[in-house]
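Visitor: Sequence and predicted structure below; questions after.
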Amino acid sequence: MSQLWPFLVIGLLSGSVYALAAMGLVLTYRTAGVFNFAYGAKAMFCAFTFWQLRDGWHVPTWISLPLVLVVVAPAMGLAFERIMAPLRAVSAEVQIVVSLGLLAFLQALVPLLYGGQDRSLPSILPTSTFGVGSLRVGYDQLGTLLITAAVGGGLWLLLRRTGFGLAARAVVDNRDLAELNGIGADGVARVSWMLSSAFAALAGILLSASQGLDVYVLVVVVIYAFAPAVLGRLVSLPLAFAGGLGLGVAQGVLGRWGSSGTVADVETAIPYIALFALLVGYGGRLKESGRDFAPLVHRGPVLGASTGRAFAWLAGLGAVGLLAPAVLGASLVDDLTYGIVFACIALTLVVLTGWAGQISLAQFSFVGIGAVVAGHLAGPTGSWFFPVMVLGGLVAVPIGLLVGLPSLRLSGLFLALATMAFALLMDDLVFARSDVSGGYTGMTVPRPAVGGWRLQSTTAFYYLALAVLVLFAATCIVIRHGRLGRRLEALRQSPVAASTLGVNVVATKLAVFALCAFGAGVAGALYGALRRTVSPSDFSFSSSLQLLLLVVIGGRSLVAGAVVAGGLFATELLPSTGATGRYLPLGVAAAVVVVARYPEGILSFLGDRLGGMTALLRRLPAGRWGYGDDGDVPAAAGPSGAAIAPAVPSAVGTVSP
């Protein structure tokens, strides 16, 4: 025990930042009913802003720190509140997607504002150490713990001893009743967003001293706070605080047995293991905040088409694809192939999330399984590629069932958190291993070969990818118009109602997770062969996030939406000027925030607006509205013989004066 206690103390000190971040997450969720997936991105943005003020522009710490905590962070909180407030009555899926879009927006914005070079952020606290027995403790570590305790105590006093605290408790208990009694629920939520943003800023500044300033790493580290927040069921600040400290202690204890190898990987993954275990353990006891969410309305599987029209649309797309290599150069064909393979992966998310309503942030983990299996077993020349491509899908099936198990007890926000935790676990415990994926040096995945014919050329592999896309799309159309499609629609609208109508909810959920894992695994083998060399970063959580965002823009309930998502992905690969390439991810993230409420994505967004314009320009049938052949509008006789004006069509119906 004498050898273990220094690691306990170090873990306790490091866990204080997780506790600080977790309290901010709980505060926002309790009062505003929104779980902020972009919380880590806010912490990252504020840390970069503090670096710019203090180290870039040499503003003294005593000025730059209050500017960030009192001005920049609350302003961000107000901006987030204005974006998220109108979404309280929509589906949890839309809230999650918009929040993730804001995360991607901030990740794209920071390099534009502050540059993409590596940098460090010196601690705002003294870094010297003092001795406690045989342990050397840093003043910055102790200071972080004291700051967290002070902030937690101040928040407790604010919620227990002030009018704001009373109003906040009333809003948490019953928002509608609080509003009827004159309590401004929106004002409470606004203050909570500002306070939680200040918490995020402080956590980001404190963490950057040890983690460095990195657009991706800092966001992932702040995700560690999700587990303590869930421990408190997103409503208990004391439990969230204790959970953050406990998480740090657990990591500190594991650090006792080594700082490299498997133990180090497990130490890093503890927050994700804890998050996944808590979500599965709590299960049905977790209840999402706010009112019941309204279901999304779908217009149909492929631009509202029937089965025949859907297949006709697919045939036309295939014909255009066959002609593309004849008019495009080899480089553009290669980019288009990436878009086609990405569309294959996106189709699995359309079925899982768009049709079945099961939110997944781990789809690229199954892509990684298929690519890794192909890299190990396809052979040096790719002679076994096609059997191994199917095998990769089959290997992904039991993993898909494992991810699908939480969906039997979780939905919406909590299912999204569970799949995110699974993706991050795969990143740290599976794909990071050199014996699995080649580690960060990567592994080679051969192009396929059939007999003596090897699909090495860009054009040959393009046609293979196009054939797989057509096969995937045709399968999706058949599913959507068949019995399974009707079950998925019922499952999405209301699992309880679907169960009463005879749908086996358990079997349907597990079947759709297994089916989509199989499809992603098959597409993953193709993805690996296209890239030729893959590394863990190709299957990371950020790749799954990008997939979801592009599918939302294209249309998460449409087969055509997956094709649009593939086209957007290919567009990102096109040669562009430095400015265009830097602003494109920012535009994608902003587009997600705009079109997230439209299940059919940008196709529906544009169609709704063009439909009203074309209705005004459409020629009316002769005689239908009383128009004569000469175009005049004759008066109609009323009951008494008096002339009355005819009914006039409008863009929204018929208007009779």
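Guide: Ah, there it is.

Visitor: So which residues of the stretch 101-250 of the chain form helices?
Guide: 139-161, 163-173, 175-180, 185-211, 217-222, 226-231, 237-255 (DSSP state H, counting those that start in this stretch).

Visitor: Can you tell me which of these is most buried?
Guide: helix 226-231 (a mean of 28; mean count of other Cβ atoms under 10 Å). For the C-beta atoms, the positions are set from N, CA and C on the backbone; glycine is no exception.

Visitor: Alpha carbons of it, as CSV, please.
Guide: Extracted as CSV, the C-alpha positions of helix 226-231 are listed here (Å, rounded to 0.1, in the frame of the first residue of the first chain):
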residue,chain,number,x,y,z
PHE,A,226,-18.6,12.1,-20.1
ALA,A,227,-18.3,9.1,-17.9
PRO,A,228,-18.4,11.0,-14.6
ALA,A,229,-21.4,13.0,-16.0
VAL,A,230,-23.3,9.8,-16.8
LEU,A,231,-22.4,8.4,-13.3
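
Visitor: Looking at it now, give me its mean pLDDT.
Guide: Computed over helix 226-231, the mean pLDDT rounds to 90.

Visitor: and what of stretch 144-158?
Guide: 88.

Visitor: Contacts for it next, please.
Guide: 12-13, 16-17, 19-20, 23, 27, 125, 164-165, 195, 199, 202, 206, 237-238, 241 (Cβ atoms under 8 Å, 6 or more residues apart in numbering).

Visitor: Kindly report the domain assignment for the protein.
Guide: The chain breaks down by automatic domain parsing into domains covering 5-29+37-108+136-285, 307-606, 619-655.

Visitor: possible to save the ones you listed as TSV with distance to Arg119?
Guide: Converted to TSV, the domains of the chain look like this (distance: least, Cβ to Cβ, whole Å):
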stretch	distance to Arg119
domain 5-29+37-108+136-285	5
domain 307-606	18
domain 619-655	54
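
Visitor: Worst mean pLDDT among the helices of the stretch 101-250 of the chain?
Guide: Across these, the lowest-scoring stretch is helix 175-180, with a mean of 64.

Visitor: returning to that earlier point: how about the helices of the stretch 101-250 of the chain in TSV, adding distance to Leu323?
Guide: Listed next are the helices of the stretch 101-250 of the chain as TSV, based on distance: least, Cβ to Cβ, whole Å:
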stretch	distance to Leu323
helix 139-161	62
helix 163-173	59
helix 175-180	57
helix 185-211	50
helix 217-222	42
helix 226-231	48
helix 237-255	56
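
Visitor: Indicate which one of these is closest to Ala346.
Guide: Closest to Ala346 of those, according to Cβ to Cβ: helix 217-222, at 23.2 Å.

Visitor: which other helices and strands contact that closest one?
Guide: Packing partners of helix 217-222 (3 or more Cβ pairs under 8 Å, 6 or more residues apart in numbering; DSSP states H and E): helix 39-51, helix 185-211.

Visitor: Relative to Arg409, which of those helices is closest?
Guide: helix 39-51 (24.6 Å).

Visitor: ok now the closest one, how far from the chain's centre?
Guide: Chain-centre distance of helix 39-51: 19 Å, with Cα atoms, centre = their mean, to the nearest Å.

Visitor: ditto for stretch 356-365
Guide: 9 Å.

Visitor: mind checking the end-to-end distance for that stretch?
Guide: Chord length of stretch 356-365, first to last residue, is 19 Å (Cα to Cα, to the nearest Å).

Visitor: do the same with stretch 427-434
Guide: Stretch 427-434: ends 12 Å apart by Cα to Cα.

Visitor: closest to Tyr114 out of the domains of the chain?
Guide: Of all the domains of the chain, domain 5-29+37-108+136-285 comes closest under Cβ to Cβ, at 5.0 Å.

Visitor: Would you mind writing the CA trace of stretch 59-70 as PDB?
Guide: Below are the C-alpha coordinates for stretch 59-70, written out as PDB (Å, rounded to 0.1, in the frame of the first residue of the first chain):
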ATOM      1  CA  VAL A  59      -1.200  40.100 -22.900                       C
ATOM      2  CA  PRO A  60      -0.500  39.500 -19.200                       C
ATOM      3  CA  THR A  61      -2.100  36.400 -17.700                       C
ATOM      4  CA  TRP A  62      -4.100  38.400 -15.200                       C
ATOM      5  CA  ILE A  63      -5.800  40.100 -18.100                       C
ATOM      6  CA  SER A  64      -6.000  37.300 -20.700                       C
ATOM      7  CA  LEU A  65      -7.400  34.700 -18.300                       C
ATOM      8  CA  PRO A  66     -10.400  36.800 -17.100                       C
ATOM      9  CA  LEU A  67     -11.000  37.800 -20.800                       C
ATOM     10  CA  VAL A  68     -11.400  34.200 -21.800                       C
ATOM     11  CA  LEU A  69     -13.300  33.100 -18.700                       C
ATOM     12  CA  VAL A  70     -15.600  36.100 -18.400                       C
END
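
Visitor: Look at Tyr598 and tell me its secondary structure.
Guide: What DSSP: H, G, I helix; E, B strand; the rest coil gives for Tyr598 is coil.

Visitor: and it, how far is that from Ala343?
Guide: 19 Å (Cβ to Cβ, to the nearest Å).

Visitor: again, but for Leu20
Guide: In terms of Cβ to Cβ, Leu20 sits 42 Å off from Ala343.

Visitor: Give me the more crowded residue out of these two.
Guide: Ala343 (31 against 28; other Cβ atoms under 10 Å).

Visitor: Buried residues, stretch 312-331. List them.
Guide: 313-314, 317, 321, 324-325 (16 or more other Cβ atoms under 10 Å).

Visitor: Which residues outside it are in contact with it?
Guide: 302-303, 305, 333, 336, 340, 458-459, 462-463, 466, 469-470, 473-474, 477, 559-560, 563, 575.

Visitor: Buried only: go through those for me.
Guide: Applying 16+ other Cβ under 10 Å to those flags 302-303, 305, 333, 336, 340, 458-459, 462-463, 466, 469-470, 473-474, 477, 559-560, 563 as buried.

Visitor: quick one, what contacts Gly554?
Guide: Per Cβ under 8 Å, 6+ apart, neighbours of Gly554: 346, 560-565, 567-568, 601-603.

Visitor: How about it: what's its closest non-neighbour residue?
Guide: Once flanking residues are discounted, Gly554 sits nearest to Val564: 3.2 Å by Cβ to Cβ, 6 or more residues apart in numbering.

Visitor: Quick one: list the elements packing against the helix or strand harbouring that neighbour.
Guide: In this assignment (DSSP states H and E), Val564 forms part of helix 559-573. Helices and strands touching helix 559-573, by 3+ Cβ pairs under 8 Å, 6+ apart, are helix 307-327, helix 330-349, helix 458-481, helix 541-554, helix 578-595, helix 601-617.

Visitor: Would you mark the buried spots in the shortest one?
Guide: So that's helix 541-554. Quick answer for helix 541-554 (16+ other Cβ under 10 Å): 541-554.

Visitor: Strands along the stretch 351-500 of the chain, start to end?
Guide: 443-444, 449-450, 453-454 (DSSP state E, counting those that start in this stretch).

Visitor: Show residues contacting the first one.
Guide: Where contact means Cβ under 8 Å, 6+ apart, the residues beyond strand 443-444 that reach it are 372, 375-376, 437, 532-535.

Visitor: Please apply the same query to the last one.
Guide: Contacts of strand 453-454 with the rest of the structure, by Cβ under 8 Å, 6+ apart, involve 381-382, 447-448.

Visitor: rewinding a little: tell me which of the contacts of strand 443-444 fall in helices.
Guide: Using DSSP state H, the members of these that fall in helices are 372, 375-376, 437.

Visitor: Determine which two of these are furthest apart.
Guide: Farthest apart among these - using Cβ to Cβ - are His376 and Ser437, which lie 9.5 Å from each other.

Visitor: Which one of the two is surrounded by more residues?
Guide: Neighbours were counted for His376 and for Ser437 using other Cβ under 10 Å; Ser437 has more, 23 against 16.

Visitor: what about that one, distance to Thr381?
Guide: In terms of Cβ to Cβ, Ser437 sits 21 Å off from Thr381.

Visitor: what's the answer for Arg532, then?
Guide: Going from Arg532 to Thr381 by Cβ to Cβ gives 13 Å.
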